[in-house]
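**Q** Generate a structure from the sequence data that follows.
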Amino acid sequence: MVSITAAAVFSFTLLAKVVERMVSLSVGIMIATTVLLGRAVQPIEQLVASWRVLTDGRAAYQRLLELSKEFEREVPRLNMPRPEGRVAAQALSYRPRGSDAMILSNIALSLEPGEALAIIGPSAAGKSTLARLLIGIWAPSMGTVRLDGADVSQWPRDSLGPWIGYVPQDVELFEGSVAENIARLGDVDSEAVIAAAKRANAHEMILELELGYDTQIGEHGARLSPGQRQRVALARALYGDPRLVVLDEPNSNLDGAGEIALAKALSGLRNGGVTSVVVTHRPSLIAHVDKILVLAAGRVQQYGPAGQVMKTMQQQAQALLGEKAA
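**A** Numbers count the residues shown, from 1 in each chain. Model (predicted):
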């Protein structure tokens, strides 16, 4: 800052001397001198004008530097073998950093390979948070999520990824071709890409695009409709050999044909021994699951076989209607 101030003082001193001399100069020389002086002072003016941005950037860099010192060095871990898809959550609770409110409290569930679970409940019940915890995106504040007995949050990311399929509530695709997005931006294996699309029942839909699997979808998939993006995201989740597939509101933008394709994909997962978890509000998907977990305010209200939970919910609804009628 001192050097910049000195430069500014020098520039203004020079300007004063030039103005003093300009009194005796011709008009043309005065104009030329003014233009040249403006060019000379312009970089200093730009630097002074952007000084606040520079100081804010330097402060942000210092904060990141201090924060990076707190990161633990990743310790090499043993790669785990291909899981069967056995999932268990024990005393699972989650509280965001810096908050006193628990989003999830004491959640417990278990799934055998090939079983399908539907997570239902009102908005802000913690359904999406539970989905993220089940695949290890977030680490629980208390409790554990285990895949074939191994803690998901401690599982090496590179070795866990191929066994997990995930469709988030807000689908994010990347600029590139349909095939590249299905292949999770890795090396495109044509056979694996087409197989994943067929498992998601999206093969015909993709072929109808301008260039099929080579269609460039644009930034964030802007060239696809919301329903098409969701179906491509489902194919991405089924790419390779996932043993646990978690779908967060996978049918929020689907039309009738998309709903049928999704239902067929879920049935195919069950028949293939792939464990699946579906966060949904729609009863059309509940018919394709083995268990239902009902969340409310971050706590389990009901959990068990789908038929039993649905029967209990119907009885509760009938009792509530009877109370209102009375």
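**Q** Tell me where the stretch 51-200 of the chain has helices.
**A** Remark: helices assigned in the stretch 51-200 of the chain by DSSP state H, counting those that start in this stretch are 51-68, 127-134, 157-160, 178-182, 190-199.
**Q** So for Thr144, which of the ones you listed sits nearest?
**A** helix 127-134 (9.8 Å; C-beta to C-beta). All C-beta spots, glycine's among them, are computed from the backbone N, C-alpha and C.
**Q** What is that closest one packed up against?
**A** strand 87-94, strand 104-111, strand 116-120, strand 244-248, strand 275-279 (3 or more C-beta pairs under 8 Å, 6 or more residues apart in numbering; DSSP states H and E).
**Q** between that helix and strand 104-111, what angle do the directions make?
**A** Calculated by axes from the mean of the first three to the mean of the last three C-alpha atoms, to 10 degrees, helix 127-134 forms an angle of 60 degrees with strand 104-111.
**Q** Could you tell me the angle between helix 127-134 and strand 87-94?
**A** Using the same axes, to 10 degrees: helix 127-134 against strand 87-94 is 120 degrees.
**Q** okay, helix 127-134 in CSV with CA atoms only?
**A** The C-alpha coordinates for helix 127-134 follow below in CSV (Å, rounded to 0.1, in the frame of the first residue of the first chain):
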residue,chain,number,x,y,z
LYS,A,127,-35.2,-37.8,4.1
SER,A,128,-32.6,-36.3,1.8
THR,A,129,-30.1,-36.1,4.7
LEU,A,130,-30.6,-39.7,5.5
ALA,A,131,-30.0,-40.6,1.8
ARG,A,132,-26.7,-38.7,1.9
LEU,A,133,-25.6,-40.4,5.1
LEU,A,134,-26.4,-43.9,3.7
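**Q** for the record, mean pLDDT for it?
**A** Helix 127-134 comes out with an average pLDDT of 93.
**Q** chain center to that helix, what's the gap?
**A** Centroid separation for helix 127-134 versus its chain: 12 Å, with C-alpha atoms, centre = their mean, to the nearest Å.
**Q** quick one: it to strand 116-120, angle?
**A** 140 degrees.
**Q** Domain ranges for the protein, per the record?
**A** Per automatic domain parsing, the domain ranges recorded for the chain read 2-68, 87-318.
**Q** Looking at these, which is nearest to Leu78?
**A** It's domain 87-318; of these, that one is closest to Leu78 (C-beta to C-beta) at 8.1 Å.
**Q** Do me a favour and get the end-to-end distance for that closest one?
**A** End-to-end distance of domain 87-318: 34 Å, with C-alpha to C-alpha, to the nearest Å as the criterion.
**Q** from now on call the first residue 849
**A** Done: numbering now begins at 849, and the last item shifts to domain 935-1166.
**Q** what ranges do the strands span in this structure?
**A** 935-942, 952-959, 964-968, 990-995, 998-999, 1012-1015, 1092-1096, 1123-1127, 1139-1144, 1147-1153 (DSSP state E).
**Q** re earlier: please tabulate the helices of the stretch 899-1048 of the chain in a markdown table, including the columns distance to Leu1055 and mean neighbour count.
**A** As requested, the helices of the stretch 899-1048 of the chain are exported to a markdown table (distance: least, C-beta to C-beta, whole Å; neighbours: other C-beta atoms under 10 Å):
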| stretch | distance to Leu1055 | mean neighbour count |
| --- | --- | --- |
| helix 899-916 | 46 | 10 |
| helix 975-982 | 31 | 23 |
| helix 1005-1008 | 32 | 13 |
| helix 1026-1030 | 10 | 25 |
| helix 1038-1047 | 9 | 18 |
